[in-house]
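> Just the structure for this:
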Amino acid sequence: LPRGLLRPAEAGYARRVLHMDKLGRYSVAVMVWAPFQGTAVHDHAQLWCTELCYQGQLLVQDFLRVGEDPEQGLVHLERGANYTQPAGACEVIVPPQELHSLMNTSDDTAVTVHVYGGPMDSCHMYEQVEGTAYRPKRQGLCYHSDWAQGWDDWDWGAADRPLISTEGEPAEGEYFI
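Numbering: from 1, shown residues only. Alright, predicted model coming up:
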């Protein structure tokens, strides 16, 4: 991977677009995790996903949806498998079993490559309320725009630039897709 994709972000893990299929059939993102950065429990918006640990390792905690309380706006989740994903290992996510959290528990930077079955522009984050009760919240996702730095050796004639939209107000150094 080009070195420009391998830098961590200061606030949270870095999400950078590697490729967006122009027909929306799939997308490829590179995520960079500084030591002890991670995600909340989240889904994948009903998209299949393959996640490859390219460098370092991540702790993966799977979750299973076991019920819901529509009156309270809650879902009930139970912890599933918990395992370390080392460099070279892949995780395949197929809905409806698509809930997990990821965490770099090491002192080294970790890098993952994610191939999604479409543009991954939103998902649900799950905030634990009490016990197995979680409150889902739809969250728009964005990508860091510094992805092109360090691509001096990249053959731009052979690669498509990612699709960019201007919906909402992205944070500095980010854009929404």
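
> From residue 55, how far out is residue 109?
7 Å (Cβ to Cβ, to the nearest Å). Where C-beta positions appear, they are placed from N, C-alpha and C, glycine not excepted.

> what is in contact with these two at once?
Counting by Cβ atoms under 8 Å, 6 or more residues apart in numbering, the shared contacts of residue 109 and residue 55 are residue 6.

> just the strands in the protein please.
14-20, 27-33, 41-42, 49-55, 57-69, 74-86, 90-93, 99-103, 110-116, 122-130, 133-140, 142-144, 174-176 (DSSP state E).

> Lowest mean pLDDT among the helices and strands, pick that one out for this protein.
strand 174-176 (a mean of 35; mean pLDDT, DSSP states H and E).

> how close does the most far-flung residue of the chain relative to its centre get to residue 132?
The centre of the chain is farthest from one residue, residue 71, which by Cα atoms, centre = their mean lies 29.6 Å away. Distance from residue 71 to residue 132, counting by Cβ to Cβ: 16 Å.

> Over to residue 108?
Here the criterion is Cβ to Cβ. By it, residue 108 lies 33 Å from residue 132.

> go on, residue 138?
In terms of Cβ to Cβ, residue 138 sits 21 Å off from residue 132.

> One more: residue 114?
Per Cβ to Cβ, residue 114 is found 27 Å from residue 132.

> Could you do residue 61 as well?
Taking Cβ to Cβ, one finds residue 61 at 14 Å from residue 132.

> Over to residue 25?
36 Å.

> what about those two, which has more around it?
Per other Cβ atoms under 10 Å, whichever of residue 25 and residue 132 has more neighbours is residue 132, with 16 against 11.

> Could you pull up phi and psi at the more buried one?
Backbone geometry at residue 132, expressed as degrees, to the nearest 10, gives phi -90, psi 0.

> my guess is it meets residue 68, correct?
No. Look at residue 132 against residue 68 with Cβ atoms under 8 Å: they stay out of range, at 10.9 Å.
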